[in-house]
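Novice: below are the sequence and a predicted model; questions follow.
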Amino acid sequence: MTSYRLSSGGLIDRTASLNFKFDGKSFTGHPGDTLASALIANGVHLMGRSFKYHRPRGVITAGAAEPNALVELREGGRKEANTRATMIELYEGLTAQSQNRWPSLDFDIGAINSLASSMFVAGFYYKTFMWPKSFWEKIYEPIIRKAAGLGTASKEADPDKYEKAYAHCDLLVIGSGPTGLMAALTAGRSGARVILADESARLGGSLLNEREEIDGDSGIAWADGVIAELGSMPNVTLMPRTTVFGWYDGNIFGAAERVNDHVIAPSPYEPRQRYWRIIAKKAVLAAGAEERPVAFGGNDIPGVMLASAMRTYANRYAAAAGKSVVVFTNNDSGYRTARDMKAHGVHVEAIVDSRSESKADAGGVPVLRGRRIADVGGKKLAAGIELDDHTHIGCDAVAMSGGWSPIVNLACHRGGRPAWNDQILGFVPPDTGKDFIVAGAAAGRMLLSECLADGARAGTLKGKAPATPKCRDEAFAIAPLWWVKESHGKAFIDYQNDSTAKDLPLAAREGYRDIELAKRYTTTGMATDQGKLGNVNAIAILAEATGKSMEQVGTTTFRPYYTPVSFGAFAGPFHGHHFQPVRKTPLHDWADELGAVFVETGLWMRSSWFPLEGEDWLAAASREVVATRERVGICDVSTLGKIDVQGKDAGAFLDKLYCNTFSTLAVGRARYGLMLREDGIVYDDGTTSRLADDHYVMTTTTANAAKVMAQMEFAHQALFPELDVTYVTVTEQWAQMAVAGPKARATLQKIVDGLEMNDQSVPYMAALEVTVLNGVPARLFRLSFSGEHAYELAVPADYGNMVARAVMQAGDEFGIVPYGVEALSIMRIEKGHVAGGELNGTTTAADLGLGKMMSSKKDYIGRMMAQRPGLTDPNRQCVVGIRPVDPQDRIRSGSHILKDGDRPSMAADQGYVCSVAWSPMLNMWIGLALIANGRARHGEVVQVWDGLRGHKVMGEICDPVHFDKENKRLHA
Amino acid sequence: MLIPCPHCGTRPVEEFTFLGDASVKRPASNDPSSMEQWYDYVYLRNNPKGRFDEFVHHSGGCRAWLVISRDTETHEVFGCVTVRDYGKTKGGKA
Amino acid sequence: MPKAPVRSKPVAVAEVILPRVSPLADVAVQGRFGADRGAPGVTFSVRHPLSIATVIARAGKGKATAQALAEYEPRWAGPDQYFVVAQGRGEGALYRELKSALDGIASVSDQSHGRVIIRIEGPKVRNVLAKGTPVDLHADEFPAGKSALTQMAHVGVHMTRVGEDAFELSVFRGFSESFWEWITEQAEEFGYQVR
Amino acid sequence: MKYSIFSLLKNTLSGHKDWTPAWREPEPKPEYDIVIVGGGGHGLATAYYLAKEHGLKNIAVLEKGWLGSGNIGRNTTIIRSNYMLPGNNPFYEWSMKLWENLEQDFNFNAMVSQRGVLNLCHTDAQRDAYARRGNAMRIDGVDAELLDAHDVKRMYPFFDYANARFPIKGGLLQRRGGTVRHDAVAWGYARGADSRGVDIIQRCEVTGIRTENGKVVGVDTNRGFIKCKKLGLAAAGNSSEVAAMAGMKLPIESHVLQAFVSEGLKPFIDGVVTFGAGHFYVSQSDKGGLVFGGDIDGYNSYARRGNLPMVEHVIEAGVAMIPSLARVRVLRSWGGIMDMSMDGSPIIDKTHIDGLYLNAGWCYGGFKATPASGWCFAHTIARNEPHKLNAAYRLDRFRTGHMIDEKGQGATPNLH
Ligand SMILES: Cc1cc2nc3c(=O)[nH]c(=O)nc-3n(C[C@H](O)[C@H](O)[C@H](O)COP(=O)(O)OP(=O)(O)OC[C@H]3O[C@@H](n4cnc5c(N)ncnc54)[C@H](O)[C@@H]3O)c2cc1C
Ligand SMILES: NC(=O)c1ccc[n+]([C@@H]2O[C@H](COP(=O)([O-])OP(=O)(O)OC[C@H]3O[C@@H](n4cnc5c(N)ncnc54)[C@H](O)[C@@H]3O)[C@@H](O)[C@H]2O)c1
Ligand SMILES: Cc1cc2nc3c(=O)[nH]c(=O)nc-3n(C[C@H](O)[C@H](O)[C@H](O)COP(=O)(O)O)c2cc1C
Ligand SMILES: [Zn+2]
């Protein structure tokens, strides 16, 4: 292998070597190299295969728009498909694999597709593969899928970390070329808070790639000086390796910082990437311009690349793209490549200029004017060219320049459409308002002096723009050339997706004449470079095919992301166990000590059951129920929402919120309340206690705590602002435990200070302030969800674990057990109390058997809409009990109800089972169901149909209260 | 999108919860004859393309209900007042 | 609130015998963590035990409430709404004091156990907080003494700048452990100390 | 021109010079019997079935942009019929049946791919809800399977089982669900309608609806007044604006829903999967991109683009479900405007104006409904009465209290 490393120059560090592997082969490069430049320097030009035809491909660009040289970087959980070799900074130990080829890059069976390529034109999929019908999914589609796609993604978890952060500034400068540097410098010197972001590792933009002169020095030296000055300003933040990927409402920019992609693995304390939301008072887009290819036969053969890329490889990376070069251009900038390559000692055969005249300086290289390259020879490396006049010229590399496209992407992310400019033959940015300014080459300014001046203007936040440094300008002149129609070979428009110049007129012929339709029909511009290289050529060809102007055809829609962004960056740390925060109750440690199994309930972790050795959940929960009903149990109910409601109109406010009345509640008592939505459907339930005339504490269900709070805030602030009331959540202030069972009173009596507990001192639905354990303030409620004689005890949260332990100790002599939400649920189903399964956002109070709670004496939320015929229809499904006719049978939640003898059909469907439990008290499965007109059907035998799990049992509709119908235990 | 909360200052959209058309008025009457007004209040919404006054809850901040005036096509935010102040000005103005 | 009928001698609240246990007691382990880059970038400490109360003005009493609270250095917590924070008070003492001082003017709710306050200070404090909050923490925008309600890592946070490089973050106790894990991890790159 | 392998071979030999347009670009006529507003999936399907099933001829579809530029051209391509409520289930199942024969019916390969739709559940309550839903499907003869965590793991071993905040407990699988190449649906219907004489008029925006004596007489457009006897509105995200032209206020809000596609990958995920513990769903396109999405941004919008908070929200859930996604890159995101109704279900009905018909309120789910929606809307327009499949999708159901609320969220459109 011959070396293509130039003997001098470049921004690489020749004193150090880096070892890396590509497709298993070892190579060396230098710090400052990219993977692409190092491969070129090692004489490797074949770097990938195309999507559809599996054509051999090398680099086209030296930057972010690279469509061809995509590799799988790294291995295992760190493997990253489709990584641009042109953007990978070389590091010691780098490994990369080529992709979309089998068995090897050099010999790829998939290239067979090329043979049939004359059939595989745009849209061929839509016209065939339809017969026989079953073949699509079984045969055609799997083959297409295997052949499609690019790299292979890892299925191992990514071991690296990611972060998110916000930044604020007076001026965000995107791009650090001459324009961006000048803008940042100007704003920075005025004291403004400035952020300068560039996706490259080294700031300087195109100054690093070109041989420029500014202020009598080299462009690079000037850039380094500016960067040093910016770096010394405390009000300026430099963000290299940071791609600003999108412009969003409020002048918020999304950016991805590649903190550690240039090392083999990040330190354990640092993220791989960091996602930024930059909130900018003002921003400048100084993203430069992208050079365009020209469509001619074989314009994809390795060795053919953009003229600016070829000189970047030479100037910046000291890598020669070939030994013998031809330049093909329609504008003056191609001449630079000829001159620069010559200056580096690379032989330049000729400049092929499509224009018949130009003033550009060819630096002694022969110029063929008015000529065009029709075809490039060679397969895996360019081997000579043929001109439109059939002249052959030998070469192993072709530099092409079809003109420059201002990088307007970000400027169009909020809906603006760029406008065609006939002078520069490019789309220039739309009006982006005063807070986002496009400057320099991105705004269509092609001269260095214009860019510097533009940058200075953009960076001037107040006052007059400063003078700009002197520089040498390279003239810019261009004449249209999009497609060399004399070509025999395929002329590519979108390299990666293999769409060719001929696909566009075909699309137009078939009716896909709009650029957006042509895009979708041919997939032009839909590859990973999003048409950065090819779209303007496509627009021009479509314009010709449809007889429209460039302006009339217009661009497709520019969308984020300027370059693709990893999922990891967007997710930051919020995945795996940290996907959402964990919320623990004040009794968590107590429950944990007792071996609780916890269950996710929203963000809460609730103790679900407390297994003894060898018990499964059912055995444990059943034992907990029996022990509670026979003796006493304690359960953590801290997750219930608790809202402190105060003020002279607190009662009146609650009367608006609930369908029943609270203003009449006696101080020291609690009442069950039912809250509706304004559409008449039940929203939430819970008990509310009156602590003083102007002070209530309401409870909500665990699930609805936050929603109810928002509803209260709306009701008060928007609907009833005249009410003098305040409310604040105190959920977390209190550890709350239910103590239930015949021995509940005896248990609590032992820890409550100075109070003899009896039905007079603590009657059913009492709500009292007490102290426990010698002075711990507490609230004692006599409430029951289990149906037992029961209490809820609330203490300030920091005491929770200790108080719960004390209750356990107090109840020890009675055989107290801790019980979890499983047992709680069994007991509430035994008692027919409705909960989540029934309060499902579609049931009315009447459906739940609570219709009587709806007051007719006052206005409240939901009152009127609840009266609509659809909500009062007697045939609505309402809550009933359901139990198997044969007590051995099991009923499952989610089963549907059919009349005895009916065959399953939607019309025959009578309702469904919403909640089930194994009742240890009744020794059978029981449930609650919503059944059409169910209250009138107690005693009816029905099918409990669970076709989904292949079960069907006969069940009996019954009263929802399965156990202790007379409520004797409550008052025992 | 940034929203200038009168209490908290300018904050990004993720701190807010939206509830749509702020022009709706809860009827005062519970009389059956007012059903049509109730239906309108609960179900029918102004949903214009262009400038729009809407209810917004600063749920991730001060928890005030606000009314913002915003262009639904450009997402430009013109103003923001508390729902109380909105109710005080005749016809509302955000 | 009605007191329960009393059987024997009432027990004075000041006689509370149980100690308060912070939910971060086992979590906030003291020491030096994260990258070693010389002096720690930030230092964390948990302020516990504290007395915390929410004060919300009653209708039309916003000014009166603010005046009555002046000496308590209240922390703004929404329109006409404040947190009052105090150290070294007995169980419920601050709450009772405020309640009587503000009777008829404002509602007071005890939140001493419901919220956990984490103090974070040091030269990198803004860098750490910027990984969570969209609030601009530049001293010109957010000077010492200012408070904000915001969200970090999906958790609601009440944030007060208590000094040039010092902030206090108040979160619901149930989230405190999760929040602690998150925020300390954000400080790892700078190296941090837990006191 | 009929599409087949033979026509493809023949045209290959002649250098693809002889393909004819898939549809014409006619000038609007001054008058049509039926005008459909909206050249999206529903509008085009309606025109197709009006012509094919009801033998009607003089029809125009007016589209303000290019054909298929609305939601049909920007959705995440999922089809399924896993609905629970009687108003919905038979309708969506009919749609599924139409999908199953669509390509042969309109002679266009829309790549209907029944790869399976799996909804993951993470709590017992979610599983119970899926059991209820699955049984509702089975009772109507629709396929459904309830999977446990092991079954899910066997299908997708690379999901997060070890470290998940909300462990996967199982899921509801509909194997007949899957994906369809969205653009091709618009193209197939357009070609089918065009070949039956329907005029598809692009870049023709309806700006006004004219009525006389309570009866529709025509529409104003940017290309002049067009008379018609019947007018069908199928304007999706723009329904409120269009209905307002006839003086109607709808129980609808317009919201932006974002969708995303990753860089192309070799086959990564087989079917469609929705994550039950966050807002994320994903499938892989034939081209290799992971197509995914989540929830609407949550504010009224007519801008077909969203903001970063929802992007983060969706992707956090994505990585929570599939940890290895962290190293995959998102290529592009976009938005579409959804007409979110007050109960999350659509409206296909007549209106109080004679000759004016409404098809709206499709929320997240109108792509899968395309065939049945067109079919039922065509029936409703042709016969001036709803078919029994769309009988429940009445406009007055909110007034009468017969909402079809699968999610139980009530009159808050952005929660559906
Ligand atoms: C991001 C996203 C993902 C989705 N994912 C799915 C999914 O996976 N599965 C699923 O089932 N559904 C999905 N949907 C929903 C589905 O795409 C829509 O419900 C459905 O496409 C709407 O029907 P349509 O195709 O007729 O709409 P559209 O294609 O939007 O058609 C309406 C047309 O009316 C035109 N129009 C409007 N006003 C006028 C006027 N005044 N004059 C003339 N023309 C007018 C518009 O330009 C538009 O072309 C998704 C939607 C979005 C946005
Ligand atoms: N002679 C010609 O034909 C010709 C044509 C075009 C440009 N130019 C020259 O190129 C120079 C242009 O200067 P400039 O400063 O406007 O541009 P530049 O190309 O020098 O710098 C643009 C910088 O922006 C960065 N960038 C682009 N998009 C980004 C994003 N989204 N996020 C982060 N970084 C991003 C790039 O990495 C690059 O470093 C001038 O010297 C001009 O004369 C010459
Ligand atoms: C299922 C599906 C797959 C897509 N795949 C790609 C893709 O591979 N590449 C691409 O650039 N865009 C892809 N897109 C996005 C489209 O380019 C486009 O953004 C989307 O249809 C919305 O249109 P608009 O961006 O022009 O408004 C895809 C869209 C959908 C709906
Ligand atoms: Zn606020």
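Specialist: Received, thanks. Ligands and ions are numbered 1, 2, ... in the order given.
Novice: mind checking the SS state of residue A:910?
Specialist: strand (DSSP: H, G, I helix; E, B strand; the rest coil).
Novice: how about the helices in the stretch 301-416 of chain D?
Specialist: D:308-321, D:366-383, D:397-400 (DSSP state H, counting those that start in this stretch).
Novice: actually, the stretch 101-250 of chain A.
Specialist: Going by DSSP H, counting those that start in this stretch, the stretch 101-250 of chain A shows helices at A:124-127, A:135, A:141-147, A:178-189, A:219-231.
Novice: residues contacting the closest residue to residue A:340 other than its chain neighbours?
Specialist: Nearest residue to residue A:340 in three dimensions, chain neighbours excluded: residue A:311, at 4.4 Å (Cβ to Cβ, 6 or more residues apart in numbering or on different chains). Any C-beta I mention is one placed from the backbone N, CA and C, and that applies to glycine too. Residue A:311 sits next to A:209-210, A:336-337, A:340-341, A:399 when contact means Cβ atoms under 8 Å, 6 or more residues apart in numbering or on different chains.
Novice: please give the element, helix or strand, for residue A:311.
Specialist: helix A:307-315 (DSSP states H and E).
Novice: need the contact list for the closest residue to ligand 4 within chain C.
Specialist: Residue nearest to ligand 4 within chain C: residue C:149 (6.9 Å; Cβ to the ion). Residues in contact with residue C:149, defined by Cβ under 8 Å, 6+ apart, are B:8, B:60-63, C:77-78, C:156-159.
Novice: beta partners of it?
Specialist: In this entry, residue C:149 is beta-bridged to residue C:158, by DSSP bridges.
Novice: circling back: of the contacts of residue A:311, grab the buried ones for PyMOL.
Specialist: Command for PyMOL that selects the buried part of these, burial taken from 16 or more other Cβ atoms under 10 Å in any protein chain shown:
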select buried, chain A and resi 209+210+336+337+340+341+399
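Novice: between the contacts of residue A:311, which is nearest chain C?
Specialist: Nearest to chain C out of the contacts of residue A:311 is residue A:209 (Cβ to the nearest Cβ; 32.3 Å).
Novice: which ones are touching the closest one?
Specialist: By Cβ under 8 Å, 6+ apart, the neighbours of residue A:209 are A:62, A:308, A:311-312, A:315-316.
Novice: now with 10 Å?
Specialist: Listed by Cβ atoms under 10 Å, 6 or more residues apart in numbering or on different chains, the contact partners of residue A:209 are A:11, A:62-63, A:177, A:219-220, A:308-309, A:311-317, A:340.
Novice: how near is it to residue A:544?
Specialist: 33 Å (Cβ to Cβ, to the nearest Å).
Novice: for residue 74, what are its contacts?
Specialist: If you meant another chain, say so; for now it's chain A. Residue A:74 makes contact with A:80, A:83, A:88, A:93-97, A:154, A:261, A:264-265, D:327, according to Cβ under 10 Å, 6+ apart.
Novice: was after chain B, sorry
Specialist: Residue B:74 is in contact with A:249, A:414-415, A:433, B:50-51, D:301-303, counting by Cβ under 10 Å, 6+ apart.
Novice: so which of those reach ligand 2?
Specialist: Near ligand 2, judged by Cβ under 6 Å from any ligand atom, there are no entries from these.
Novice: run a quick neighbour tally on residue D:66.
Specialist: By other Cβ atoms under 10 Å in any protein chain shown, 20 other residues sit near residue D:66.
Novice: now the phi/psi pair for it, please.
Specialist: Main-chain torsions, residue D:66, degrees, to the nearest 10: phi -90, psi 160.
Novice: just the pLDDT for it.
Specialist: Note for residue D:66: predicted pLDDT of 98.
Novice: over to residue A:103?
Specialist: At residue A:103, pLDDT is 86.
Novice: related to what we said a few turns ago, looking at the contacts of residue C:149, spot the one nearest ligand 2.
Specialist: Using Cβ to the nearest ligand atom, the shortest approach to ligand 2 within these belongs to residue B:60, at 28.9 Å.
Novice: not counting sequence-adjacent ones, nearest residue to the closest one?
Specialist: When the adjacent residues along the chain are set aside, residue B:60 lies closest to residue B:15, with 3.4 Å between them (Cβ to Cβ, 6+ apart).
Novice: ranges for the strands of the stretch 351-500 of chain A?
Specialist: A:367-369, A:373-376, A:385-387, A:392-393, A:397-401, A:404-406, A:419-421, A:426-428, A:436-438, A:492-494, A:499-500 (DSSP state E, counting those that start in this stretch).
Novice: would you turn those strands into TSV with distance to chain C and mean pLDDT?
Specialist: Below are these laid out as TSV (distance: least, Cβ to the nearest Cβ, whole Å; pLDDT from 0 to 100):
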stretch	distance to chain C	mean pLDDT
strand A:367-369	55	98
strand A:373-376	49	98
strand A:385-387	53	98
strand A:392-393	55	98
strand A:397-401	43	98
strand A:404-406	32	98
strand A:419-421	34	98
strand A:426-428	33	98
strand A:436-438	19	98
strand A:492-494	38	98
strand A:499-500	42	96
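Novice: so which of the ones you listed is nearest residue D:312?
Specialist: Across the strands of the stretch 351-500 of chain A, residue D:312 has its closest neighbour in strand A:436-438 (22.0 Å, Cβ to Cβ).
Novice: right, I'll leave it there.
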